[in-house]
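Visitor: Here is my input; please provide its structure:
(2 chains)
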Amino acid sequence: MSKPVTIIMIEDDEGHARLIERNIRRSGVNNEILPFTNGTAAVNYLFGNDGSGRDRKGDALLILLDLNLPDMTGIDILRRVKENKYLKCTPVVVLTTTDDSQEIKRCYELGCNVYITKPVNYESFANAIRQLGLFFSVIQVPQTAT
Amino acid sequence: MGQILLLAAGFLVLVSICATSVILVDQARQDSGWVVHTVEVENQISTLLLEVRRAESGARGYLLTSDPRFLAEHNAAAAGALADAAKLSNLAGDNPVQIENNNRLRPQIQARLAELEKIIDLVKRNDTAAGLASLREAGADDSVARIEDVANAMRAEENELFVLRTATADRTQRLASIVTVVGSGLVVALAAISIFLVRRSADARDKAEAQLRDNNLNLESTVDERTADLREANDEIQRFAYIVSHDLRSPLVNIMGFTSELEELRGDIFKRIAALSHPTVPTSAVPVAAGETEPVLEGADQQLSQDFTEALGFIKSSIAKMDRLITAILNLTREGRREFVPVKIDTRELIETVVSTVAHQASEAQAQIRVEPLPNIVSDRLALEQIFSNLIDNALKYLKPGVPGDVAIRGRTKLGFAIFEIADNGRGIDPKDHQRIFDLFRRAGAQDRPGQGIGLAHVRALVRRLGGTMSVSSELHNGSTFTITLPIAWATSNRNRDT
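Guide: Residues are numbered from 1 along each chain as shown, chains lettered A, B, ... in the order given. All right, here's what the predicted structure looks like:
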């Protein structure tokens, strides 16, 4: 019996977090959303106190990641997730303001599954998030390795 | 300077040695002349005495034999003696002592010759006995001894002179050799000094050269350092602009987002107000019409709704503008970070491509674009496309209303640079705005066309990065000409090396 998918939202801007959450909800996704406003807290949750990631064993997670965090870059978190034997299959959606092609390439090289640039225009932003929500409602998320 | 002085001194020494030697040699010649003269005088004295003796022996022979041959010999010798005496007085005329002696000698000789003459006369008169007596008498007479004395005195005088003159000649020669030796020594010493000085100045020159080389190296490294500093500063500015524009975007998303949320809330609130103020309308009808129609409001409520809409409208348009500006900065910094790749470019083909993309705009403005022959260059293709499309776009955008546009693109080369001109017959630019139009976010003239004031700033930045310059010449109502000067063969320079 698989657990329901938990969405881990790592986003330092609380306003953005609120807007993202609202728009995901509007698209009819009712999964639990765990918001983190800094990298350290998110890393602690994902990898546990011992840093091995064993705590999250068997969870079904989906990570929504901002690259510009106050205490570390999202790229570091992405790399650690994709290098961790428990978490490496977890889908990671990078949702950030950066639309630098180098940065995008780097994220995909590190194994990010989707890269989305936050549109400033709110219509587009809301639209993008809602479509992301629809995407969340249909994709299959594997459980973390046991 | 010291070298020249030294050489001059050496030359002077040489000249003076030569002059002194010449003088001394001449002196020595004169001295030996005098020595020879002394010998000659002595010789002459001996000759004179010999002649006197010959005259005497001739006279004696005649006395004894009465042979006329002896008489002839006597006569010849007497004449010779007189001549010799004259010669001697000539020779020794330079010396007062000898003149004196000579004057004493002459009478003696004359006296002696006279005596002999007397004896010969006696013999001629066949009075041999008287002659013999006379000879004997004469022999007893001291005239012979006196001649001897005077001659000896003269000889002694000449001997003295000989010793003196030989000594003088010796001294002169020694002096000459001393002068030569000392002069040569001096010359050698001067040569040594000048060799030393030459060596020293050569050393100094070598040292200076080494110093120069070091300085050059230092200069190069200083330039490198400065260049690195500048590059770093430039990178920092780019990063700064990038980060700032980036970070400014985040709050903008929130402002925009929550403004939109407020807008939705506004819709809900006024729907509710409408529903409350018109209780007769069935509530079930409201949700159906929610998306499309504005709720019906009256009086103060209507005003309130309009104010609300207006405020939100201003907020949204300002945010949109700010977003455009930030995007522009981002694009500019991204352009600044893009690596340029120099390739060979068929300029005409490139510009025709650009012209074809604005063909629609051109036909709308009834403008024709003339592309004249252009030089091909080596440069970054994308940058050139952006430069020309911005300038041609501007030319079409700011035409004079009602006048058919005429845009000309010309090119020529000069000293390794290609000069392109984009000339139009448009509305022109006031000369006081010529600097301003190149500034970011600044525009000039009537603001009746959409734009951010970015195009020319961007174009100028690109032209600079390509190692070129650009300028504008224009007057109001008389069209504008933008001139771009680009290197014909641009290579990836250090401006671009690490960006």
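
Visitor: If you drop the residues flanking it in sequence, what lies closest to the residue in chain B that chain A sits nearest to?
Guide: Scanning chain B for the residue nearest chain A gives B:N254, at 3.4 Å (criterion: C-beta to the nearest C-beta). No exception for glycine: its C-beta is placed from N, CA and C like everyone else's. Excluding the flanking residues, the one nearest B:N254 by C-beta to C-beta, 6 or more residues apart in numbering or on different chains is A:G15, at 3.4 Å.

Visitor: Am I right that the one you found is in a helix?
Guide: Yes - residue state for A:G15 (DSSP: H, G, I helix; E, B strand; the rest coil) corresponds to a helix.

Visitor: these two touch, right, it and B:F258?
Guide: Yes - using C-beta atoms under 8 Å, A:G15 and B:F258 qualify as a contacting pair, with a distance of 6.7 Å.

Visitor: Can you name the residues that contact the closest residue to B:Q368 other than its chain neighbours?
Guide: Excluding the flanking residues, the one nearest B:Q368 by C-beta to C-beta, 6+ apart is B:D406, at 6.0 Å. By C-beta atoms under 8 Å, 6 or more residues apart in numbering or on different chains, the contact list for B:D406 reads B:A367, B:Q368, B:R370, B:D424, B:N425.

Visitor: how does it look with 7 Å?
Guide: B:A367, B:Q368, B:D424, B:N425 (C-beta atoms under 7 Å, 6 or more residues apart in numbering or on different chains).

Visitor: Number of residues surrounding the second one?
Guide: Spelled out, that is B:Q368. If you count neighbours by other C-beta atoms under 10 Å in any protein chain shown, B:Q368 ends up with 12.

Visitor: picking up where we left off before, I'd guessed the residue nearest to B:N254 sits against B:M256; true?
Guide: No - when contacts are counted by C-beta atoms under 7 Å, A:G15 is not listed as touching B:M256 (10.1 Å).

Visitor: does A:I116 belong to a helix or a strand, and which?
Guide: A:I116 belongs to strand A:114-117 when assigned by DSSP states H and E.

Visitor: List the buried residues for that strand?
Guide: A:Y115, A:I116, A:T117 (16 or more other C-beta atoms under 10 Å in any protein chain shown).

Visitor: pLDDT-wise, what's the bottom of those residues?
Guide: Least confident by pLDDT among those: that is A:T117, with 83.

Visitor: Three-state assignment for the closest residue to that one other than its chain neighbours, please.
Guide: Leaving aside its sequence neighbours, A:T117 sits nearest to A:D99 (C-beta to C-beta, 6+ apart; 4.3 Å). Following three-state DSSP, the label given to A:D99 is coil.

Visitor: Then the one 5 residues further on?
Guide: In the three-state summary, A:I104 is assigned as helix, counting by three-state DSSP.

Visitor: Show the contacting residues for it.
Guide: A:Y115.

Visitor: how far away is it from A:D13?
Guide: 20 Å (C-beta to C-beta, to the nearest Å).

Visitor: ok, now how distant is A:V94 from chain B?
Guide: Using C-beta to the nearest C-beta, to the nearest Å, we find A:V94 at a distance of 15 Å from chain B.

Visitor: Thank you kindly, that will do.
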